[in-house]
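Peer 1: Compute the structure for the input listed below.
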Amino acid sequence: MAKREVDDGTKGAKSETNMTPMIDVVFQLIIVFLCSMKFRTLDMKIEAFLPKDVGLNTTPATAEVEVKVNVKLRRKKGESQTQIYLLDSRLGTASGEGIWTTLQTRLKEFVNKDSKVKAEIDADPDVPHGDVMRTLDSFTAAELANVVFRGTQLNKTGSFSQPGPKR
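Peer 2: The predicted model follows:
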């Protein structure tokens, strides 16, 4: 099939077209492009949630329990004191020095139980900066280094709203 015969009625003779050089050139171009192309590797792994109870490893996967300490600072407009909540239970107001030492000792109890405890400060927009910093100082004094700040989010209308539950 390398040669093709074409009937030409006007010339009265048969002409042959040799396709071999053209096929050779096309194959060489394909080989050159394949060899010079850099194959791209995946930048990140594909996340897959595969079952852990079947397959090669039959031991069930242990779920790590994440201990999180949440301190909420609440102050509504017009109020003069900041309310402090530790794990959704009211601890007191930020009016004196005693509340900060109480917070520090309670946080130290969590650190003594689990050294990998994570901390979170959730403050309203009306809470003074000083109260947030004193809360952070209590976390630091209790040797909690992994502190995350959680706050309110600004809506499209310009008003503040609490963040929704995590999914």
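Peer 1: how does this structure divide up, domain by domain?
Peer 2: For the chain, the structural domains run 3-36, 68-161, going by automatic domain parsing.
Peer 1: worst average pLDDT in those?
Peer 2: Across those, domain 3-36 has the smallest mean pLDDT, namely a mean of 78.
Peer 1: Give the closest residue to residue 142 in space, chain neighbours not counted.
Peer 2: Closest residue in space to residue 142, ignoring its immediate chain neighbours: residue 107 at 3.7 Å, by CB to CB, 6 or more residues apart in numbering. (Glycine included, C-beta is placed from N, CA and C.)
Peer 1: give me the number of residues near the one you found?
Peer 2: Residues contacting residue 107 under the criterion other CB atoms under 10 Å number 23.
Peer 1: for residue 99, same thing?
Peer 2: Residue 99 has 18 nearby residues by other CB under 10 Å.
Peer 1: about what we covered before: need the contact list for the residue nearest to residue 142.
Peer 2: For residue 107, the contact set (CB atoms under 8 Å, 6 or more residues apart in numbering) comprises 69, 119, 138, 139, 142, 144.
Peer 1: helix, strand or coil for it?
Peer 2: helix (DSSP: H, G, I helix; E, B strand; the rest coil).
Peer 1: Tell me the spacing between it and residue 143.
Peer 2: Distance from residue 107 to residue 143, counting by CB to CB, to the nearest Å: 9 Å.
Peer 1: Residue 133 now?
Peer 2: Taking CB to CB, one finds residue 133 at 18 Å from residue 143.
Peer 1: Could you do residue 31 as well?
Peer 2: For residue 31 relative to residue 143 (CB to CB), the value is 64 Å.
Peer 1: And the contacts of stretch 79-99?
Peer 2: Outside stretch 79-99, the residues touching it (CB under 8 Å, 6+ apart) are 69-75, 100, 102-103, 106, 126-128, 131, 134-135.
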